[in-house]
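Visitor: Just a sequence and a predicted model for now, questions to come.
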Amino acid sequence: MSFIASVFDSLLYCKPRFTRCSTFQCPCGAIRCELRVPPSSYKLFEQTTALYRQTDLVNFCKACPNGDFVLQSDDATHLVSYYKSDIHIFKGHDKIKAVKVDNKTSVIRLYCDSCGTPLGYEVMSSPITMLHSKLISSDNDNGNGGPVFIPTHII
């Protein structure tokens, strides 16, 4: 193994020691959350961003008054996985509404009661919540309404 490959491998497997912080907010500002991703959550955070084209998810977004805000021009939406324990709501907890669209599944869709923006979804009894990436901003914001997320899955 070359020296460069050895250094690259050691960087690849070294454990990060800091918590990544971002802000999650609906367009009207009624809901604000801090997303703190500790090193123990990096693997989930980096490997489970997805571009969703599921009909039920897109239809839910279209049915919400401000659903177009999170949809792309091709009717797909980009979601990022977070552990529920990494989401810290500091404004508008009472404005987050949940609806179970299909009684056959355990999926719960989340939206803002004030502006009608879809926030994301979660599966009952799962420790994970999926949030729309357009509602996330951070210090490394790309100037387009949120940090750069590269989808690892297309669903």
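Guide: Yes, it's here.
Visitor: Would you mind measuring from the nearest residue to Cys33 once chain neighbours are set aside to Val37?
Guide: Once flanking residues are discounted, Cys33 sits nearest to Phe24: 4.2 Å by C-beta to C-beta, 6 or more residues apart in numbering. For every residue, glycine as well, the C-beta is placed using N, CA and C. Distance from Phe24 to Val37, counting by C-beta to C-beta, to the nearest Å: 12 Å.
Visitor: Look at Val70 and say how many residues are nearby.
Guide: Residues lying near Val70 (other C-beta atoms under 10 Å) number 23.
Visitor: Let me see the contact set for it.
Guide: Contact analysis of Val70 by C-beta atoms under 8 Å, 6 or more residues apart in numbering lists 61, 77, 117-118, 132, 134-135.
Visitor: Just the closest of those residues to Phe90, please.
Guide: The closest of the contacts of Val70 to Phe90 turns out to be Leu135 (C-beta to C-beta; 15.0 Å).
Visitor: circling back: look at Phe24 and Val37 and report which has more neighbours.
Guide: Between Phe24 and Val37, counted using other C-beta under 10 Å, Phe24 has the larger neighbour count: 24 against 21.
Visitor: rewinding a little: now the residue nearest to Cys33: which helix or strand?
Guide: Using DSSP states H and E, Phe24 maps to strand 20-25.
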